[in-house]
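Participant: what follows is a predicted structure for the sequence shown.
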Amino acid sequence: MPKVFYTQPDGVEKVIDGAVGDSVMSTAVRNGVTGIVGQCGGTLSCATCHVYLAPSDMTHFSEPGEDEDDMLECTASDREDTSRLSCQLTLSEGIDLHVTIPAEQV
């Protein structure tokens, strides 16, 4: 079972056991992780699930597609090289992920 390590802007970390095939966003929302809103429900039409993916975890995913890239231009917090929409990060067997939640989502 993959784990997701969610780090809040103040450094507090919450670790959640996720399910293979679920997104980092849906796992956060279902488990009450503060700071990930997921206003559109994961339909890639908002940027309220913006996270900073740990650099070491970047290799587990392909580059953002055009739609995700466009939405990342709309984030409330500054976009960084490791910025991703957590609705586009799918959990895989044996891969734990580390994300930091930005200070602002909306």
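Facilitator: Perfect, I can see it now. Worth saying up front: this structure is predicted, and the values here are computed from it rather than measured.
Participant: where does the prediction get shaky in this protein?
Facilitator: Within the chain, no stretch has pLDDT under 70.
Participant: and the spatially most central residue of the chain, what is it in contact with?
Facilitator: Central residue of the chain (CA atoms, centre = their mean): Ser86, 2.6 Å from the mean position. By CB atoms under 8 Å, 6 or more residues apart in numbering, the contact set of Ser86 is 23-25, 28, 36, 38, 49-51, 99. C-beta: built from backbone N, CA, C; applies to glycine.
Participant: one more: Asp57?
Facilitator: Applying CB under 8 Å, 6+ apart, the residues near Asp57 are 95, 97-99.
Participant: pretty sure it belongs to a helix, no?
Facilitator: Yes: remark: Asp57 belongs to a helix, assigned using DSSP: H, G, I helix; E, B strand; the rest coil.
Participant: now the strands: where do they sit in the chain?
Facilitator: Listed in chain order, the strands of the chain (DSSP state E) span 3-7, 13-17, 50-53, 83-85, 97-100.
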